[in-house]
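Participant: Fold the stuff below for me.
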Amino acid sequence: MHILGKILSVFVIGGAIASVILASRALQVRKEWAEQVENEQKAYLDTIDPLDNAKRKVLELQHDRNVAAYQWHPYFTEGIVVQPNVVKADPADRGKWKFGVAISGLGPVSGIRTSEVIHLFSPGADATSTHYLGPFKVTQVIPTPPTVTAETMWGVRERDRADDPDFPGQTAWENPITHRWGNGWRVRTALPNEEPINVMHYSQLLLKKDEQLAANKVYKTTTEEQKVVADTQLKYRENELHGDVNLEQRNLPRYRIDGLVKAISDADEKRNATLEEVDTLRHRLKKVYDDVVALQEQNRRIAAELPGADDVDATTAAATD
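Facilitator: Take a look at the predicted model:
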């Protein structure tokens, strides 16, 4: 047993020494790992600014490429006049009207063909700015006089279909101030790839807003109709409860004229008065009954005092039987 204790002591001392050595080694490894992580984080942070600069450079190069792509497609601006063109397929239904433009000064010589898509830019407030109106599909190319007609490729908004209050007899689409019809327009046969995507994105946003506006109008109309019905029912109920003096001249039951509240109140008053009369009659009946009982008792006493009372009682009992 003594030898075993010595052996165990040796193992314990050896284990303690090994634990100290391994712990110091683990601390060293942990310190090295923490330093490595810190260096990696610093290296990552150092790459953020160059990456942002590279992204900006890519965007600039894309812009330059788009500008160069513009030069590969012809555009027309000199000698053309753009006017609105509304085809009223069904005068009673504006939803079927076709809204577009008529471009004077362009014909077959321009290379534009039927069903081709063109893009129109209206003049801005100053001589250098333009506003993109949207894509149009060519419907006719007339040689003499050279004219191109085209219709919109998007759904014209309801406010543009409506009558223009400032220019009677024409729609808001034909307003000369809003779109600056006339000279100074630019017609392009193509746009950079991402530009139509942006236009479609905003067109979809406008369409969603129009749908939301239409839904709100339907909801408002429905709510107003329901409110009118509810007000009518409420008025009818109020008249039913509180009466309607306008029915005075009609041959109707009184409760229809005075209302259920007054009719019930009057009925309660009559019932209370009747209950009081019944209570009074019950008291009077009880008093009369008590008087009759007392009178009968008095008669019995008097009859008992008379001569021959036994015969009278016998006769009375026989009569009662």
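Participant: For the residue lying closest to R157 once chain neighbours are set aside, which three-state class applies?
Facilitator: Leaving out its chain neighbours, the residue that sits closest to R157 by C-beta to C-beta, 6 or more residues apart in numbering is D210, at 6.0 Å. Quick note: C-beta positions are derived from backbone N, CA and C, even for glycine. Here D210 is recorded as helix under DSSP: H, G, I helix; E, B strand; the rest coil.
Participant: Distance check, D210 against N216.
Facilitator: In this view, D210 and N216 are 11 Å apart by C-beta to C-beta, to the nearest Å.
Participant: What of S9?
Facilitator: Applying C-beta to C-beta, the value for S9 to N216 is 90 Å.
Participant: tell me how far the longest helix that the chain contains is from the chain's mean position?
Facilitator: The longest helix of the chain (DSSP state H) is helix 2-70. With C-alpha atoms, centre = their mean, to the nearest Å as the basis, helix 2-70 stands 53 Å off its chain's centre.
Participant: what's downstream of it, the next helix or strand?
Facilitator: The first helix or strand that comes after helix 2-70 along the chain, using DSSP states H and E, is strand 75-76.
Participant: residues making contact with that following strand?
Facilitator: When contacts are defined by C-beta atoms under 8 Å, 6 or more residues apart in numbering, strand 75-76 is touched by residues G105, L106, S110, R186, V187, R188, T189.
Participant: With secondary structure added, can I get the residues you listed in a markdown table?
Facilitator: A markdown table is the format used below for those (three-state DSSP):
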| residue | secondary structure |
| --- | --- |
| G105 | coil |
| L106 | coil |
| S110 | helix |
| R186 | strand |
| V187 | strand |
| R188 | strand |
| T189 | coil |
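Participant: Can you turn the buried part of those residues into a PyMOL selection?
Facilitator: Only the buried entries of the contacts of strand 75-76 go into this PyMOL selection, using 16 or more other C-beta atoms under 10 Å:
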select buried, resi 105+106+110+186+187+188+189
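Participant: So which of D210 and N216 has more stuff around it?
Facilitator: Neighbours were counted for D210 and for N216 using other C-beta atoms under 10 Å; D210 has more, 14 against 10.
Participant: so that one makes contact with E158?
Facilitator: Yes - using C-beta atoms under 8 Å, D210 makes contact with E158 at a distance of 6.8 Å.
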